[in-house]
Structure formats: C-alpha cells, structure tokens
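Chemist: here you go, sequence then predicted model.
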Amino acid sequence: MNKNRLFHIKDGKVNTDKKYVLYWMQQSQRVHYNHALNHAIHTANTYQLPLVCFFGLDDTYKDANERSYAFMLEGLKEVKQTLESLGITFVLKFGKPYEVIKKYIKDAQALVMDRGYLKHQRAWRKDLFHQIKDNEDLEIDMIDTDLVVPVCVASTKAEYGAYTIRPKIKKLYHSFRDFHKLNIIKNKTKINIDSDNDLNDIDALLNKLDIDHAVPKSSYYQGGYKAASQLFSTFISDKSDYYPMSSDPSTNFTSLMSMYLHFGQISSLELLERLYLALEQGQIKGESFDQYIEQLLIRRELAFNYVFYTNGYDEFETMSENWAYQTMNAHEFDHKAYLYDLNTYETFDTHDIYFNAAMKQMVLTGYMHNYMRMYWAKKIIEWSPSFKKAYETIIYLNNKYFIDGRDPNSYAGVAWCFGKHDRAWTEREIFGKLRYMNAKGLERKFDINAYVKAMNDL
C-alpha cells in the first residue's frame with residue numbers, strides 16, 4: 001500500500017489484556033481491494049491478535065429508505081460470509097456508528113477506520129476520536145481506500161473543474177495502483193460479540209428497521225460484490241466496444257457501477273486494474289478505455305474533491321460559482337410556461353414524455369441513464385418557481401429514489417446543472433448563462449422514442 005493512503009492518527013501502548021484489533025468498516029463495504037481491511041489485518045498480525053470487523057447500521061440516516069438499505073444489506077451479507085470464512089469476526093449493530101462502536105473499543109489494541117468524504121461521515125469519525133483520544137493504549141489509523149488517488153493527495157483545495165484536476169490525477173495515479181493481495185489473518189480466534197442481525201434473512205431485518213418503506217427495494221438491481229463483479233465482466237465482454245455511444249439513453253452500454261461504488265461494494269481501483277488487463281488482452285478498445293478512465297478516475301475523483309473541500313456542497317446558496325448565482329439572480333423572475341409539483345413528477349404526469357420516461361425509470365428501478373439525469377434536472381429547473389426550489393426538489397428526488405443517491409457524484413452532478421464545474425453559455429430566458437437542454441436535442445442526437453418505449457414497458 002502506498003504510504004500516503006495511511007493517516008496515522010494516534011500511537012498506542014501495548015497492553016497484553018487487549019483482546020483484538022477493531023476495524024470500523026463504514027464507507028468501504030467490501031473485502032476485495034480494501035486497503036483499510038488489509039491494514040487492519042496487518043495490524044492484528046503485528047499484535048498477534050484476532051480481528052473484529054464492526055459495521056454500524058443507523059436507521060435514522062437522512063433520506064435512506066428500504067431501497068437503499070436492502071441494497072446495502074445484500075452487500076453486507078456477502079461481506080460477513082467472506083470475512084468469517086477468512087477467520088475474521090463480523091459484527092453489525094443498530095445505532096449511530098460512532099456511538100455504538102465505543103463499547104467495543106475498550107477491548108481493542110488498535111482501531112482502523114476507512115475514510116468518509118461527506119460532512120456527516122467526517123463528523124462521525126471526528127466525534128468518535130474526541131471521545132476516545134485519551135485512551136493511552138489505543139492506536140488509531142485511517143485509510144483512504146475508496147479513491148484511486150487519496151483525496152488529500154490529489155489536491156489540497158477545491159478544483160475548478162475537470163481540466164484542473166486531470167493533470168494532477170494523471171501524474172499521481174500509477175503510484176496508487178498499490179493493491180496486490182489480501183493479507184492472511186494469523187490469529188483466527190472467533191470473538192463472541194452479540195450482533196443485532198441475521199443477515200441470512202434480509203427481509204426480516206428490513207422489517208426491524210424504523211425506516212421509510214414507501215420506496216421498495218429494487219427488483220432490477222441486487223447489491224454486493226458478486227453482482228458488481230459480474231456486471232463489470234459483462235460490460236467488458238459485451239458492451240465496452242460500444243461505450244463511446246453510451247450517452248444514448250436508448251442503448252444499454254453503461255457499466256451500472258455507480259450504485260456499487262456508492263456503497264463501496266466494489267473498488268474503483270479494482271475496476272481500473274481490470275480495465276488495464278482488458279486493454280492488454282485486447283478485450284477493450286483504446287477509445288473505450290480512455291473514455292471510461294475519464295469517468296472513473298477524473299470525473300469521479302473531481303466529485304469527491306468537491307464535497308471534501310466545499311463545506312456547503314449540499315446547500316443551494318453555496319454549492320455553485322459566483323457567475324452562476326449572478327445569472328440565476330438576474331433570471332429569478334422570468335416567466336415559466338409550466339410549473340409542476342412533486343406529485344406531478346412522481347406520477348410521471350408532465351407534458352414532456354421524455355422527462356416522464358426518465359422519472360419512471362428512476363422511481364421503479366432506482367437508476368436513471370446518466371444523460372437523462374442531466375436532462376431531468378434541467379427540466380426541473382425550467383419548471384420550478386425559483387432556482388432554490390428546483391435545487392431542493394432535485395436533491396429530494398435524487399436521494400429518495402436513486403440507489404446511488406446521497407453520493408459525492410450526486411451532489412457534484414446536481415451542482416453541475418447549476419453551473420459548478422461548467423462554464424457560462426449564451427444567455428437565454430429562464431436559464432440565463434446556465435447550460436440549457438431541450439427535447440429537440442434528445443431527438444436530434446438519439447433514438448429517444450426507443451428509450452421511452454423501453455421505460456413504458458417497465
């Protein structure tokens with residue numbers, strides 16, 4: 001592992017009464033290509049102790065519902081099975097993770113955490129540290145494992161756009177192709193810790209949770225590393241030649257990795273290595289390889305840079321650029337031919353059949369084609385009484401229905417629709433200098449009626 005992934009937070013003092021090393025798995029919900037897990041195994045072996053992997057399940061997590069919890073639990077079921085086959089104890093507890101983990105720290109010689117990037121994820125780790133920092137015995141490390149280039153290494157500031165972060169990432173990323181194999185835990189002693197779960201019956205577990213069940217789990221997509229890995233293999237073998245055409249909503253040439261990356265069920269570094277292997281073996285064309293790398297490595301890591309260095313990434317007043325707010329203020333009271341409410345959106349009942357088809361895909365499946373996400377958000381801007389109301393509506397629907405909602409890519413993608421990481425365009429009504437998208441553009445570029453038919457057949 002590149003040493004710059006490791007953030008050594010606190011030294012510890014060896015105490016022979018300690019029973020295990022504790023790995024707090026939260027952001028990176030996987031075994032494969034997990035630097036934090038690998039470091040935790042190494043630390044446990046150093047102290048000749050067994051390893052306990054802890055996951056905290058908070059059913060008060062903002063905007064989460066049955067759809068997102070089901071997808072996550074499907075992945076955790078695999079994690080538990082795999083870890084236990086390796087001789088590592090897995091424990092899942094209900095409650096706020098940074099609170100319920102504390103009772104397990106008293107018997108831990110060391111604590112290893114994966115890195116969180118959103119405000120609340122960082123606050124969890126900070127709150128826990130302040131409560132346990134006086135524990136002289138406890139060693140504490142944090143590992144950045146959900147990005148190819150760690151967020152603090154790639155840049156020390158919020159980047160203006162892809163063109164400013166691209167040379168930095170490209171200069172660094174080969175030195176972070178640094179995962180070779182998972183360490184083997186030497187002390188396989190099972191630690192008897194009560195767990196709040198039976199992950200063998202996810203439906204029963206979902207019923208225990210005090211969550212919103214109005215948005216049911218997706219019948220189209222299943223969570224977990226195995227599903228992600230199989231989808232990516234299918235992408236390389238059957239779809240990658242057509243990836244340059246993947247922006248066409250009527251096609252099915254995307255890899256569908258965003259939801260798995262969101263929960264950390266598969267590593268972006270693993271996807272990168274598999275792409276390189278496919279390129280070497282002639283399974284993917286150079287053009288497809290370059291375009292996918294641009295999305296996986298540059299655009300995704302730009303989104304993480306955005307949420308990490310922009311404190312107000314999730315607030316209308318602070319999520320975009322000054323020029324964007326100036327043009328929005330100038331056009332705040334422009335006439336709108338249509339104004340729609342949430343119910344109209346959620347029942348696919350606007351005058352725009354392309355928007356309705358995209359909403360249907362979102363509500364029923366938990367996914368929407370990437371190009372249609374941009375069109376969808378731009379239409380809500382066009383049909384809302386104010387830019388702020390449009391932003392709040394987009395975030396609400398995004399977080400409610402998308403499996404990959406509440407994600408750095410989501411926040412950056414929505415902010416892009418309001419000018420972030422974009423440039424000023426020719427001024428027009430309603431949008432001002434914000435980029436505009438219309439139905440004629442869909443009709444000119446794509447077989448958009450084929451997309452509508454496919455969505456109507458759902």
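Modeler: Received the coordinates, thanks.
Chemist: which residues of this structure score low on pLDDT?
Modeler: Scanning the chain for pLDDT under 70 picks out the ranges 197.
Chemist: report the central residue of it.
Modeler: His262 (2.3 Å; Cα atoms, centre = their mean).
Chemist: helices or strands next to the longest helix along the chain in the packing?
Modeler: Taking DSSP state H as the criterion, the chain has its longest helix at helix 66-85. Helices and strands touching helix 66-85, by 3 or more Cβ pairs under 8 Å, 6 or more residues apart in numbering; DSSP states H and E, are strand 51-57, strand 89-94, helix 202-208, helix 225-234. Every residue, glycine included, has its C-beta placed from N, CA and C.
Chemist: can you list contacts of stretch 196-204?
Modeler: With Cβ atoms under 8 Å, 6 or more residues apart in numbering as the test, stretch 196-204 has contacts from Leu57, Ala70, Leu73, Glu74, Leu76, Lys77, Lys80, Leu92, Lys93, Phe94, Leu205.
Chemist: scan the residues you listed and report the most crowded one.
Modeler: Leu76 (24 neighbours; other Cβ atoms under 10 Å).
Chemist: contacts for the longest helix of the chain?
Modeler: With Cβ under 8 Å, 6+ apart, helix 66-85 has contacts from 25, 29-31, 53, 55, 59, 89-90, 92, 199-200, 202, 205-206, 209, 211-218, 221-227, 259-260, 263, 265, 366, 401, 403, 405-406.
Chemist: try 6 Å this time
Modeler: 29, 31, 53, 90, 199, 202, 206, 211, 213, 215-218, 222-225, 263, 265, 366, 403 (Cβ atoms under 6 Å, 6 or more residues apart in numbering).
Chemist: list the buried residues of it.
Modeler: By 16 or more other Cβ atoms under 10 Å, the buried positions in helix 66-85 come out as 66-80, 82-83.
Chemist: try stretch 161-172
Modeler: Across stretch 161-172, burial judged by 16+ other Cβ under 10 Å covers Ile165, Arg166, Lys168, Ile169, Leu172.
Chemist: please list all residues in contact with the fourth one.
Modeler: The one in question is Ile169. Val149, Ala154, Leu297, Ile298, Glu301.
Chemist: check which helix or strand it maps to.
Modeler: helix 162-172 (DSSP states H and E).
Chemist: before we move on, the earlier item: so which of the contacts of Ile169 wins on neighbours?
Modeler: Val149 (28 neighbours).
Chemist: for that one, which residues are in contact?
Modeler: Val149 makes contact with Ile169, Leu172, Tyr173, Phe176 under the criterion Cβ under 6 Å, 6+ apart.
Chemist: now the residues you listed as a markdown table including distance to Gln109?
Modeler: Output for the contacts of Val149, formatted as a markdown table (distance: Cβ to Cβ, whole Å):
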| residue | distance to Gln109 |
| --- | --- |
| Ile169 | 36 |
| Leu172 | 33 |
| Tyr173 | 34 |
| Phe176 | 28 |
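Chemist: just these now: which is nearest Asn187?
Modeler: Phe176 (29.7 Å; Cβ to Cβ).
Chemist: before we move on, back to that, need the contacts of stretch 196-204 in JSON lines with distance to Ala377, can you?
Modeler: Shown next, in JSON lines, are those (distance: Cβ to Cβ, whole Å):
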{"residue": "Leu57", "distance to Ala377": "31"}
{"residue": "Ala70", "distance to Ala377": "26"}
{"residue": "Leu73", "distance to Ala377": "29"}
{"residue": "Glu74", "distance to Ala377": "28"}
{"residue": "Leu76", "distance to Ala377": "31"}
{"residue": "Lys77", "distance to Ala377": "33"}
{"residue": "Lys80", "distance to Ala377": "37"}
{"residue": "Leu92", "distance to Ala377": "35"}
{"residue": "Lys93", "distance to Ala377": "37"}
{"residue": "Phe94", "distance to Ala377": "35"}
{"residue": "Leu205", "distance to Ala377": "34"}
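Chemist: list just the nearest of these to Thr254.
Modeler: Within the contacts of stretch 196-204, proximity to Thr254 (Cβ to Cβ) peaks at Glu74, which comes in at 20.6 Å.
Chemist: what residues sit buried inside the host helix or strand of Arg444?
Modeler: For Arg444, the host element (DSSP H and E) is helix 439-445. By neighbour count with 16+ other Cβ under 10 Å, helix 439-445 contains the buried residues Leu442.
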